[in-house]
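**Q** sequence and predicted structure are below.
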Amino acid sequence: QVQLVESGGGLVQPGGSLRLSCAASGRIFSINTMGWYRQAPGKQRELVAEITSVGSTNYPNAVKGRFTISRDNAKNTVYLQMNSLNPEDTAVYYCNLGQRVALMTPTIHYWGQGTQVTVSS
């Protein structure tokens with residue numbers, strides 16, 4: 001099993017910044033993808049950013065240029081630096097880790113408990 005613990009959410013004014021952290025523990029394989037998703041009230045959960053174990057990143061257009069994902073493999077920790085926040089970024093942010101037990105097997109996803117990010121004046 002894998003456990004994910006997020007931290008760093010909170011209330012921030014429009015234009016401000018926040019940094020989220022997610023520490024993973026348990027049975028973690030060296031090849032995995034870690035990422036952040038968010039879910040606003042009444043909306044589906046959506047990808048915010050993801051990063052592979054070798055550092056390849058992926059961002060949707062909505063956050064590209066404003067958010068930066070990074071990871072420390074030695075600490076099994078992923079970070080999300082969020083700049084130029086706007087009210088549309090308000091959501092619960094969830095940490096995700098996806099890995100395969102072996103090649104040609106399905107990816108297993110693990111989720112954190114979520115952390116609230118509220119952007120408001």
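**A** Received, thanks.

**Q** next up, phi/psi of the residue nearest to the spatial centre of the chain, please.
**A** The central residue of the chain, meaning the one whose C-alpha is nearest the mean C-alpha position (CA atoms, centre = their mean), is residue 36 at 1.9 Å. For residue 36, the backbone dihedrals (degrees, to the nearest 10) come out as phi -120, psi 140.

**Q** next one: residue 88
**A** Dihedral pair for residue 88: phi -70, psi -10, per degrees, to the nearest 10.

**Q** contacts for stretch 62-79?
**A** Contacts with stretch 62-79, where a contact means CB atoms under 8 Å, 6 or more residues apart in numbering, come from 19-25, 28, 30, 34-36, 48-51, 53, 55, 57, 59, 80-85, 88-89, 95. In short, each C-beta sits where N, CA and C put it, glycine included.

**Q** for PyMOL, write the select line for the buried members of these.
**A** Applying 16 or more other CB atoms under 10 Å to the contacts of stretch 62-79, the buried members can be selected in PyMOL as follows:
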select buried, resi 20+21+22+23+24+28+34+35+36+48+49+50+51+59+80+82+85+89+95
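
**Q** show me what contacts the residue nearest to the centre of the chain?
**A** The neighbours of residue 36, taking CB under 8 Å, 6+ apart as the test, are 20, 22, 47-50, 69, 78, 80, 93-96.

**Q** mind checking which of these land in strands?
**A** In this view, the contacts of residue 36 that belong to strands under DSSP state E are 20, 22, 47-50, 69, 78, 80, 93-96.

**Q** could you dump the residues you listed into a markdown table with distance to residue 6 and pLDDT added?
**A** Putting these into a markdown table (distance: CB to CB, whole Å; pLDDT from 0 to 100) gives the following:
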| residue | distance to residue 6 | pLDDT |
| --- | --- | --- |
| 20 | 6 | 98 |
| 22 | 5 | 98 |
| 47 | 16 | 98 |
| 48 | 12 | 98 |
| 49 | 14 | 98 |
| 50 | 15 | 98 |
| 69 | 13 | 98 |
| 78 | 10 | 97 |
| 80 | 9 | 98 |
| 93 | 7 | 98 |
| 94 | 7 | 98 |
| 95 | 5 | 98 |
| 96 | 10 | 97 |
